[in-house]
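Colleague: Whatever this is, show me its structure:
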Amino acid sequence: MKVTVEQDKCVAAGQCVATAPDVFDQRDEDGVVVLLTEEPAAELADDVRYAAAVCPALAIHIED
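Modeller: Next up, the predicted model:
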């Protein structure tokens, strides 16, 4: 699994961080998503997929 984010689309809702905190974070100054790892561990795959699904801006992309 490879994860990418579009920071320019992010609306700083924080759903990704709440769902997969080992993979996503937010910048302190504006709350925009920060990707902590492009290739998360297999055991995090379900959380990452859920984070992408609940992202209101659809800013998270997953490539298998």
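Colleague: List the buried residues in the longest helix anywhere in the chain.
Modeller: The longest helix of the chain (DSSP state H) is helix 45-54. Residues A45, D47, V48, R49, A51, A52 are the ones in helix 45-54 that count as buried (16 or more other CB atoms under 10 Å). Any C-beta I mention is one placed from the backbone N, CA and C, and that applies to glycine too.
Colleague: and the residue of the chain most remote from its centre, which of the three is it?
Modeller: Relative to the centre of the chain, and counting by CA atoms, centre = their mean, the farthest-placed residue is E29 at 17.5 Å. What DSSP: H, G, I helix; E, B strand; the rest coil gives for E29 is coil.
Colleague: What spatial separation is found between it and A12?
Modeller: Taking CB to CB, to the nearest Å as the measure, E29 falls 10 Å from A12.
Colleague: for V3, same thing?
Modeller: In terms of CB to CB, V3 sits 18 Å off from A12.
Colleague: Out of the two, name the residue with the larger neighbour count.
Modeller: Taking neighbours as other CB atoms under 10 Å, V3 and A12 compare with V3 leading, 24 against 13.
Colleague: Assumed that one was part of a strand.
Modeller: Yes. Checked against three-state DSSP, V3 lies within a strand.
Colleague: was I right about it contacting D47?
Modeller: No. Using CB atoms under 8 Å, V3 is not in contact with D47, being 11.1 Å away.
Colleague: overlap in contacts of these two?
Modeller: V23 (CB atoms under 8 Å, 6 or more residues apart in numbering).
Colleague: Quick one: residues in contact with stretch 31-49.
Modeller: Residues contacting stretch 31-49 (CB under 8 Å, 6+ apart): 1-5, 7, 10, 12, 14, 16-17, 19-20, 22-27, 59-60, 62.
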